[in-house]
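**Student:** give me a model of this one.
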Amino acid sequence: MALILVADDSPTEVFMLKRILEKHKHQIIVAEDGKQAIKLTHNKKPNLIVMDVIMPNSNGFQTTRYLTKDPQTSDIPIVIVSSKDQESDKLCGLRQGTKGYLGKPITEELLIAEVNKLVGKAA
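**Tutor:** Prediction:
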């Protein structure tokens, strides 16, 4: 079981991501914007972050860049899950330090495969 931070301002997306991740025995904490994601990451030290791009108070790209440059959080893998899924968006995410980039709508299989790749089946 991994502790996973879901950073997304859409209650519908958060519900769906939580349902999938909890079904696979992961513990979930939620941030509604980028600033809250940074604060929770420092306080809770999740094993993985699942981040949207379009959020208030620091978008997903800005938040990813901040967390991957901070020595206290740089080892925490970040997967962006976003409706912004053009190649240029994916490239931008990779440049910010994300370890994975998945387009919405996401399938359970793709999400869990990415989670397992980054934190294993039991973190």
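**Student:** mind giving me the packing neighbours of the helix-or-strand element of the chain with minimal mean pLDDT?
**Tutor:** Lowest by mean pLDDT, DSSP states H and E among the helices and strands of the chain is helix 87-96, with a mean of 92. Applying 3 or more C-beta pairs under 8 Å, 6 or more residues apart in numbering; DSSP states H and E, we find helix 87-96 packed against helix 60-69, strand 100-103. Every C-beta, even on glycine, is put in place using the N, C-alpha and C of the backbone.
**Student:** check what pLDDT the nearest residue to Lys25 once chain neighbours are set aside gets.
**Tutor:** Among residues not flanking Lys25 along the chain, Met1 sits closest, at 4.9 Å (C-beta to C-beta, 6 or more residues apart in numbering). The model reports Met1 with a pLDDT of 87.
**Student:** how about Ala113?
**Tutor:** On the pLDDT scale, Ala113 is placed at 96.
**Student:** just checking, Ser74 touches Thr64?
**Tutor:** No - using C-beta atoms under 8 Å, Ser74 is not in contact with Thr64, being 10.9 Å away.
**Student:** overlap in contacts of these two?
**Tutor:** Counting by C-beta atoms under 8 Å, 6 or more residues apart in numbering, the residues touching both Ser74 and Thr64 are Gly97.
**Student:** which of these two has more residues huddled nearby?
**Tutor:** Legend: neighbour count by other C-beta atoms under 10 Å for Ser74 and Thr64, higher for Thr64 (28 against 10).
**Student:** which residues are in contact with the more buried one?
**Tutor:** Shown in contact with Thr64 (C-beta under 8 Å, 6+ apart): 51, 78, 80, 93, 96-98.
**Student:** could you pull out the helices for this structure?
**Tutor:** Assigned helices in the chain, in chain order: 11-23, 34-44, 60-69, 87-96, 108-119 (criterion: DSSP state H).
**Student:** what's the most buried one of those?
**Tutor:** Comparing the helices of the chain by mean neighbour count (mean count of other C-beta atoms under 10 Å), helix 60-69 comes out on top with a mean of 21.
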